[in-house]
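>>> kindly return the folded structure for what I paste below:
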Amino acid sequence: MKLDEVTSELLKQAIDMYLAIAYPQGGWSESVAERARLPEGLRGAALLSDARFERVPADAPVEAATRFNLRLGNAAYLHMKLGIDRVSDSDEYVLVVDTHDKHFSEMVQEKEREMYRDLLANNQRLHDEIQNAWSAAGLPTFERYLRSRLEGLRGRGGGKKA
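Model prediction:
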């Protein structure tokens, strides 16, 4: 999807699916609920310039950012994010789940390693479930982006079968 195709409505659908999987018992915090309540009827730069979206790089103008993060967390870990990533060398964007958990590994003490491994496994499971749900619903994920690119190659004769 192009930047202008990122709409409040599309992100609301993605957020609702994310929250249902990340918080199966409900009960997310009010700060998560506030972040999830997007302004209606916005798209592209007008939507993603909202302060609730973290930009990467942080000081980049909306059109130059490579990622937009919406910190929604999950029932066991507050830092997981819904991301909108620009696909390398393109003007296309896809939805991603950023578990944002690997960079702590060096700080985890030996007595906490098993709990940390359990956290990583749970976050990975949630990542996969959310991404799969988005793809199944036809939302723009990297998987769907790759499939459409491969179909395009086949259509031009680039994916000939032997």
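>>> which neighbouring elements make contact with the top helix by length along the chain?
For the chain, the longest helix by residue count, based on DSSP state H, is helix 113-136. Secondary-structure packing of helix 113-136 (3 or more C-beta pairs under 8 Å, 6 or more residues apart in numbering; DSSP states H and E): helix 8-22, strand 93-98, helix 142-155. (Each C-beta comes from the backbone N, C-alpha and C, glycine too.)
>>> can I get those in CSV with distance to residue 132?
As requested, these are exported to CSV (distance: least, C-beta to C-beta, whole Å):
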stretch, distance to residue 132
helix 8-22, 9
strand 93-98, 10
helix 142-155, 8
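>>> what residues sit buried inside the longest helix of the chain?
Residues 119, 120, 122, 123, 126, 127, 129, 130, 131, 133, 134, 135 are the ones in helix 113-136 that count as buried (16 or more other C-beta atoms under 10 Å).
>>> and the helices and strands packed on helix 113-136, which is most packed in?
Stretch with highest mean neighbour count among the helices and strands packed on helix 113-136: strand 93-98 (a mean of 22; mean count of other C-beta atoms under 10 Å).
>>> out of the helices and strands packed on helix 113-136, nearest to residue 75?
helix 8-22 (6.6 Å; C-beta to C-beta).
>>> which SSE is immediately downstream of the closest one?
helix 30-36 (DSSP states H and E).
>>> could I get the average pLDDT for that next one?
In this model, helix 30-36 has a mean pLDDT of 97.
>>> contacts for that helix next, please.
15, 19, 28, 52, 70, 71, 72, 73 (C-beta atoms under 8 Å, 6 or more residues apart in numbering).
>>> do that again at 10 Å, thanks
By C-beta atoms under 10 Å, 6 or more residues apart in numbering, the residues outside helix 30-36 that reach it are 11-12, 15-16, 18-19, 22-23, 28-29, 50-53, 70-74, 78, 81-82.
>>> low-scoring stretches of this structure, by residue?
Applying pLDDT under 70 to the chain flags residues 101-109, 155-162.
>>> how about 90 then?
88-90, 100-120, 142-162 (pLDDT under 90).
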